Each structure stands twice: as structure tokens, then as C-alpha cells.
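Colleague: I need the structure of the sequence given here:
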Amino acid sequence: MRADATHAAILKDVAAFSKIKRYRGMLPTRLVMYQDQIKIDELLEAGFIERLNVSMPCGSEHTLLKLTDAGSEAVKVLDRPDADSPAKQELVSQEPEACRVLENLNEEQMDILNDVFHYSKIKRFGGMMHYDELSIYDVKNVNILFARGFVIRVKADLGSGKKRKGLILSEKGLYYLGVSY
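Modeller: Numbers count the residues shown, from 1 in each chain. Reported below is the predicted structural model:
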């Protein structure tokens with residue numbers, strides 16, 4: 001298998017969950033539903049990850065992804081700071097198609113992306129930029145960013161009947177701003 005940037009991103013996502021006790025070191029497949037399923041299947045066939053089906057006493061079933069030993073080694077290679085690694089050079093040299101195509105954002109669209117990022121850092125806003133704060137921007141620019149996949153619309157139910165609506169940045173938006181989590 002020839003690894004590309006998507007394979008590396010999936011491996012890093014699964015590795016990030018390996019330290020979370022709540023998930024027992026496994027990534028729920030519902031959290032990778034926007035990733036390319038063909039790429040996930042290629043990683044499964046190559047033996048870098050494994051798919052686990054877990055049944056709970058209440059009757060619910062969950063499908064989880066877990067790194068194998070070979071997958072852990074691959075993540076270590078990807079995280080190595082040396083630039084001499086051929087696998088890392090291959091992954092770094094591939095620029096996502098989205099950023100090649102979408103270099104034509106106007107100034108207001110860039111302002112919206114930056115503001116959504118900064119509002120998501122403010123605790124009282126609950127990690128999102130509320131629609132009330134978007135009133136100063138042209139609705140057309142917000143819709144363009146949503147249609148192109150830079151922002152995600154979020155509706156949060158607080159349990160007491162209260163709901164919050166707003167925007168968060170997608171992975172594409174974070175990558176475009178040069179921010180990584």
C-alpha cells in the first residue's frame with residue numbers, strides 16, 4: 001500500500017484516541033464517517049488498524065477502530081521530526097486538493113474564518129460562533145464558506161429545552177488558516 005495524506009490523517013486520528021480512557025483507546029467509527037471509507041478499508045487490509053464491534057449489555061452495538069502494532073510504528077514514523085524519512089517527505093509534499101482550488105477567498109470570507117476560530121476559543125460561547133455574531137457579515141459569504149466546507153453549522157441541545165446554534169470550523173477551514181489541533 002502506498003500511503004498518502006488521507007491515510008496519515010486517519011492514522012493520526014486513531015492514534016489520538018489511543019490515550020482517551022473513555023473510549024478504551026479506540027476511535028468510534030461515527031467520528032470518522034466523513035473520511036474516505038475506501039482509505040479506511042485500505043488501512044484495514046494493510047494491517048495498520050483493526051475494526052472492533054462491541055456489544056453493550058443494554059443491547060447497543062458500537063464499531064470502533066484501533067491501531068495495530070504496525071499502525072503504531074507508522075504513526076511514530078509520521079511524527080518523527082527528521083525530514084529524511086521518504087514516507088514523511090511523500091506525505092508532506094502532497095497538498096490537499098481543497099487548498100489548491102480554494103485560494104480565492106475574499107477578505108470578508110477570511111475575516112469570517114478568523115472570527116469563527118476565535119469565537120470557538122471563548123468559553124462562554126460554548127466552542128462556537130453564534131448566529132447573532134454573524135449579523136455584521138454578508139449572508140452570501142457565510143453561505144459560500146458553508147457550501148465549500150470551510151465551516152460547519154452546529155445545533156447544540158442543552159438538555160433543558162435550550163438550544164444553541166452557530167458555526168464551527170471544519171478540518172478544511174482549520175487547515176486553510178494554518179491551525180491544527
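Colleague: flag the shaky bits of this protein, pLDDT-wise.
Modeller: For the chain, applying pLDDT under 70 flags the ranges 1-2, 21-24, 54-60, 81-103, 156-162, 180-181.
Colleague: okay, strands next: where are they in it?
Modeller: Applying DSSP state E to the chain gives strands spanning 27-28, 49-55, 61-67, 129-130, 151-157, 163-169.
Colleague: sheet partners, orientation included, of the second one?
Modeller: Each strand pairing with strand 49-55, determined using DSSP bridges, is listed with its direction: strand 61-67 (antiparallel).
Colleague: over to the first one?
Modeller: The pairing partners recorded for strand 27-28 under DSSP bridges are strand 61-67 (antiparallel).
Colleague: just to revisit the earlier point, in JSON lines: the strands of the chain, plus distance to Asp115.
Modeller: Backbone N, C-alpha and C define where each C-beta goes, glycine included. Formatted as JSON lines, those follow (distance: least, C-beta to C-beta, whole Å):
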{"stretch": "strand 27-28", "distance to Asp115": "30"}
{"stretch": "strand 49-55", "distance to Asp115": "36"}
{"stretch": "strand 61-67", "distance to Asp115": "34"}
{"stretch": "strand 129-130", "distance to Asp115": "6"}
{"stretch": "strand 151-157", "distance to Asp115": "11"}
{"stretch": "strand 163-169", "distance to Asp115": "9"}
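Colleague: reformat those as a markdown table; add mean neighbour count and distance to Asp111.
Modeller: A markdown table is the format used below for the strands of the chain (neighbours: other C-beta atoms under 10 Å; distance: least, C-beta to C-beta, whole Å):
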| stretch | mean neighbour count | distance to Asp111 |
| --- | --- | --- |
| strand 27-28 | 18 | 34 |
| strand 49-55 | 14 | 39 |
| strand 61-67 | 17 | 37 |
| strand 129-130 | 19 | 12 |
| strand 151-157 | 15 | 13 |
| strand 163-169 | 18 | 13 |
